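J.: the following comprises the amino acid sequence and a computationally predicted model.
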Amino acid sequence: MSTRIAASPRSPGRTKSGNRSAGEGRMAALLLSPTLLVLALVIAYPLVSALYQSMFREQSGLDASGFVAEGEVFVGLGNYADLFVGESGARFLNAFGNTTFFTVTTVTLETVLGLCLAIAMNRAFRGRSFLRASILIPWAIPTAVSGLLWRWIFQSDGIANSLIGSETLWTAEGVAAKVAIIVAEVWKTAPFIGLLVLAGMQIIPEEIYEAAKIDGAGFWRQFRSITLPLVKPTLLVAVLFRLLDALRMFDLPFVLIGPGKESVETLSMLAFDESNQLRYGSASAFAVILFLYVALVAIVFVKLLGADVAGTKQVRALRRATSTRKAKAL
Amino acid sequence: MTQIPVLTPVDTPAEAPPRVVRKRGWKSYSVYLGLAAILVYCLAPFYWMLVSSFRRTADIFDNSLLPQPFSAENYIKVFDGSTLFGQALLNSLIVAGVTTAAALVLGIFAAYAISRLNFRFKSVILGVIIATSMFPGISVVVPLLRLFTDIGWINTYQAMIVPNLSFAIPLAVWNLTTFMKSLPFDLEEAAMIDGCSKWQAFRKVLLPLAAPGVFTTAILTFIHSWNEFIIALSMVNDPAVQTATVAISKFTGATEFQAPFGEQMAAGVIVTIPLVIMVLIFQRRIVEGLTSGATK
Amino acid sequence: MRQRRHNRHILFGTAALAISALALSGCAGGEVSDDEGTALSEAEFEGRGPINYVSSRDASGAAQDSLDKWNSEHPDEQVTLIELPDSADQQRQQLIQNAQIESDTFSVLNLDVVWTSEFAANRWIQPLPEDALPTDSMIPATVNAASYRDTLYGAPYYTDGALLYYRTDLLEAAGIDSPPATWDEMEGACDAILALPEGDDMSCYAGQFDKNEALTVNFTEAVASAGGTVFDEDGSPTVDTPEALAGLTQLSDAFANGLVASDAITYLEEQGRRAFQDGEVVFLRNWPFVYASLTATDGSSQVVDKFGISSVPGIGENPGVSTLGGRNLAVSPFTANKATALDFIKFFTSEEESRARLDKSSRAPVYPSLLEDPSVVEQRPFYPTLLESLENAQPRPKVVQYGATTTAIQEEAYAALTGDKDPETALADMQSKLEELSAD
């Protein structure tokens, strides 16, 4: 019974007791309730209110004396249906495409680069602490400020053009704008993955690498058969959180390229624009759709790649290695 | 023959060593080349920020690699009385610090429960927790503003801390759960056999082992809350409580058409430095967590 | 601190309360409050006491001086400045958010002229009593821009108009004695100037063409300078007219034939200012703020004493028309102390205070008497030209859905400038979008 409810196909990792005691359940409830309470406070209300709002539409038109008609009309799923048709449908599809494109490209590049950063940070050499602090700087600069910085860099007569000797108009509509977003976004967030993966690498015991070296495995083999499988759970969590963030990307394209430019408009920007134009009903519909899209991507990601957090897939190599270490330590 | 020594797992521009390494000299040379490339990529834009912050307003658009002439006028303006920027930094520290501490405490509890205790609906709970960071941030603002106005939270720290937790807690819970999962039970069990209580086993064995995860999570959530803007802007209108990012958005240029770019860059440098220092302090814990924990 | 009276709540104590509030207000979205109709009656400016003035910071310090003066004279009716971000979009967002929740914190609002209709129609600002302000002594266009449906909603605070900056030295070198009054004359002047050795590597004209509010400004000016309008008197869109076509075609042709450099598509006010100041452009359409930078003697400006200022050029035989910028002060209906608020905006926008602020601030006052005052003109020689330009200035579209309107205009005008659409198609599409918006 327990195995069916838990995400893991295997039984929970407890070796001693397979049966769950009521005490543990109570303990778990106690430990989890503050978290759930805080999250309910922050998210449940906005979510419920968005769902509710998304089924209403503001009265359009002005009354005789020129005032906006008061009140809202219940339109059921009308706001959702409208997302997919006509002018706003085209805009929605474009934003959907941009969001997906940016998410796929930036998260892929960030993962690759983040792994490189982690490997670099994990190496022992002089000045390593300097390297670590430097790598984190991009992530540490507030997005609003780094958006401005990149806008400055990518101006038509900015340093980017003067370094590569081109006259590209990065902030105008077009492919260049997308490239600018990707460069800035990857720069900013690769350190996030890098740092999380570095932490994951720290719990890989040195003994495994030593054993592998004795077996004659080179760097690439070691990476493929030891590092990658062992940091996989951490890496997947890092990538998952990046996915969630990238799908909701807003500040960077808004500040760097500007609102209303089709080449970089994302779903979050669209939701913002709708509410900025006081169409709260359809703004909420966009937000709910985006939420569902993010949730879908997260579920597919977890299922496909087996980001097995709830379950207890133990990595056997780790177990073996640590049991030898336990013998040493105790 | 079968083995081609390649230094890096993937070919990226940041780290592209020669494919076939014949001599040892080449190998270490290319390692340093790779490291240098990474450093340049991470630091060059920051360098540009630094250089821009030391330019005068009049030559802020220059593309020279060093500020000419060198000027600290932007830094002076950032701290001139009217902005209360020092206070804003302190507020940011309070908001980010409390957020981080709260997220870690709640996250450690929750992660311990999920990774070590037997109970139902684990994956549902994990799903619910992460779902809270799926809702677009900008859509949360108006409902929260209404809520916080009703309960009198406008111009309070908790009006910024509690929304920040909606990002910080999911990250903390997921990351720490992953960490604790990958740590073996054997050590705790051995400790309990030695007479430790469950709490002691958790505190003296598991927690030190999870230190790299804890400190990494701390750094990431701290930076995230430190940089949060839109909630802090909407929930606070009293300069005595506003955070640094909000203070930066209120810098004004000479006229409404002229962005105070130099000041913004100077302030960007100022808000980044505490984070770098924090990383330098904490990184030792990230790396040494395992060894120090295991030998206790 | 007055606003922190609610601090007594602690985090967990309020959690339960918050969740019940959630249940209650979750269903309150469609509620209509009845008391707003009465709040609109003009006599209702009652209540005295402390208020908040909501505005971005005036970097010159002039606004703060006025504020300090009021506060020293009115110890029981103190005005506290609530600072908003520098970005106009973020200001509008904060103002609307607080109007949405009917917050009584924001009392006096500093509004961009283009927000007037939207805020008035949504009852987020209060109509001002008739004769509350000396509107007869203000520039008529600024009063018009502060009114919605013939009712005054805002007190004009400062104003802005377009100017044409030109290089006197180059005009002289090419043997041209007066600045161009039309685009044709300007083109002719450029042909002569760019052929000179001094004119090497220069481009003729720059305005603001990035997809931004500034593009709406430049488009509206082009249409008006060709004798057209964007909306007619009744508020119906009129961009499918020959005049509007002449205006937009003039701009898109300027890009196509190199009159405007191709990177000017990314220009906002500052980039154009810089290009002119560095001697890269012969003619520049910009606001008065540029004057201070161009005359800077610290070596940053290469055009000190080499430039002149005139009105923006016309298209065809028509005179050039500027649009109107600037700010108004308005009173929120949700604030308690409306009598104080009204007195404060009267004081703040008075001719006396406007004159006092001129010492520090270059923002143009809305009183012609000040713009023509010899002692003022001595400091700011371009004020008479600005006044001329403001006297026949046209407001940007006065529509309630300004956000959607300006987006539609930018979208289509940008497509025409980049050559994605020909001007006819762009205007036809713009017309149908605007019709759809005004039909609401």
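T.: It's in.

J.: what about the closest residue to B:Lys198 other than its chain neighbours, neighbour count?
T.: Leaving aside its chain neighbours, B:Lys198 sits nearest to B:Met192 (6.8 Å; criterion: C-beta to C-beta, 6 or more residues apart in numbering or on different chains). Using the backbone N, CA and C atoms, a C-beta is placed for each residue, glycine as well. For B:Met192, the number of neighbouring residues by other C-beta atoms under 10 Å in any protein chain shown comes to 15.

J.: cool, and the one 5 residues further on?
T.: Using other C-beta under 10 Å, B:Ser197 has 11 other residues around it.

J.: give me phi/psi at the nearest residue to C:Leu152 once chain neighbours are set aside?
T.: Once flanking residues are discounted, C:Leu152 sits nearest to C:Leu128: 4.9 Å by C-beta to C-beta, 6+ apart. In terms of degrees, to the nearest 10, the main-chain angles of C:Leu128 are phi -90, psi 150.

J.: isn't C:Leu128 right up against C:Lys346?
T.: No: contact criterion C-beta atoms under 8 Å: C:Leu128 and C:Lys346 do not qualify, at 9.3 Å.

J.: C:Thr168 and C:Gly49, how far apart?
T.: Here C:Thr168 is placed at a distance of 55 Å from C:Gly49 (C-beta to C-beta, to the nearest Å).

J.: check A:Leu256 too.
T.: 44 Å.

J.: try C:Ile193
T.: Relative to C:Gly49, and taking C-beta to C-beta, C:Ile193 is found at 61 Å.

J.: more neighbours, these two?
T.: Neighbours per residue (other C-beta under 10 Å) separate C:Ile193 from C:Gly49, with C:Ile193 holding more: 22 against 13.

J.: for that one, what are its contacts?
T.: When contacts are counted by C-beta atoms under 8 Å, 6 or more residues apart in numbering or on different chains, C:Ile193 touches C:Arg167, C:Leu170, C:Leu171, C:Ala173, C:Ala174, C:Gly199, C:Met202, C:Cys204, C:Val282.

J.: what about 6 Å?
T.: C:Leu170, C:Ala174, C:Gly199, C:Val282 (C-beta atoms under 6 Å, 6 or more residues apart in numbering or on different chains).

J.: so what's A:Gln59 closest to, chain neighbours aside?
T.: A:Ala69 (3.8 Å).

J.: A:Glu58 is in contact with that neighbour, correct?
T.: No: here A:Ala69 lies out of contact with A:Glu58, judged by C-beta atoms under 6 Å, at a distance of 8.4 Å.

J.: so which of the two has more stuff around it?
T.: Shown here are A:Ala69 and A:Glu58; by other C-beta under 10 Å, A:Glu58 has more neighbours (18 against 15).

J.: low pLDDT regions in the stretch 101-250 of chain B?
T.: Across the stretch 101-250 of chain B, not a single residue meets the criterion (pLDDT under 70).

J.: quick check: residues of it near chain C?
T.: Applying C-beta under 6 Å from any C-beta of the partner chain, we find that the stretch 101-250 of chain B lies next to chain C at B:142, B:145-146, B:149-152, B:155, B:158, B:237-238, B:249-250.

J.: secondary structure and distance to B:Ser197 added to those residues, as JSON lines?
T.: Listed next are these as JSON lines, based on DSSP: H, G, I helix; E, B strand; the rest coil; distance: C-beta to C-beta, whole Å:
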{"residue": "B:Val142", "secondary structure": "helix", "distance to B:Ser197": "48"}
{"residue": "B:Leu145", "secondary structure": "helix", "distance to B:Ser197": "46"}
{"residue": "B:Arg146", "secondary structure": "helix", "distance to B:Ser197": "46"}
{"residue": "B:Thr149", "secondary structure": "helix", "distance to B:Ser197": "46"}
{"residue": "B:Asp150", "secondary structure": "helix", "distance to B:Ser197": "44"}
{"residue": "B:Ile151", "secondary structure": "coil", "distance to B:Ser197": "40"}
{"residue": "B:Gly152", "secondary structure": "coil", "distance to B:Ser197": "42"}
{"residue": "B:Asn155", "secondary structure": "coil", "distance to B:Ser197": "44"}
{"residue": "B:Gln158", "secondary structure": "helix", "distance to B:Ser197": "34"}
{"residue": "B:Asn237", "secondary structure": "coil", "distance to B:Ser197": "49"}
{"residue": "B:Asp238", "secondary structure": "coil", "distance to B:Ser197": "47"}
{"residue": "B:Ser249", "secondary structure": "helix", "distance to B:Ser197": "50"}
{"residue": "B:Lys250", "secondary structure": "coil", "distance to B:Ser197": "52"}
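
J.: tell me where the stretch 1-150 of chain C has strands.
T.: Remark: strands assigned in the stretch 1-150 of chain C by DSSP state E, counting those that start in this stretch are C:51-56, C:79-84, C:108-112, C:147-148.

J.: nearest to chain B, of the ones you listed?
T.: Of all the strands of the stretch 1-150 of chain C, strand C:79-84 sits nearest to chain B, with 4.7 Å by C-beta to the nearest C-beta.

J.: which parts of that closest one are buried?
T.: Under the neighbour-count criterion of 16 or more other C-beta atoms under 10 Å in any protein chain shown, strand C:79-84 has C:Val79, C:Thr80, C:Leu81, C:Ile82, C:Glu83, C:Leu84 buried.

J.: let's have the residues you listed in CSV, adding pLDDT and distance to chain A.
T.: Output for the buried residues of strand C:79-84, formatted as CSV (pLDDT from 0 to 100; distance: C-beta to the nearest C-beta, whole Å):
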residue, pLDDT, distance to chain A
C:Val79, 96, 29
C:Thr80, 94, 26
C:Leu81, 94, 22
C:Ile82, 93, 20
C:Glu83, 91, 16
C:Leu84, 93, 15
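
J.: ok and the residue in the stretch 201-330 of chain A nearest chain C?
T.: Taking C-beta to the nearest C-beta, the stretch 201-330 of chain A has A:Gln277 as its residue nearest chain C, at 4.4 Å.

J.: ok, that residue - contacts?
T.: So, once contact is read as C-beta under 6 Å, 6+ apart, A:Gln277 ends up touching C:Gly403, C:Ala404.

J.: contact partners for A:Glu274?
T.: A:Glu274 neighbours (C-beta under 6 Å, 6+ apart): A:Ser282, A:Ala283, A:Phe286.

J.: tell me the average confidence for the helix or strand hosting the first one?
T.: Element membership for A:Ser282 (DSSP states H and E) is helix A:280-305. Predicted confidence along helix A:280-305 averages 88 (mean pLDDT).
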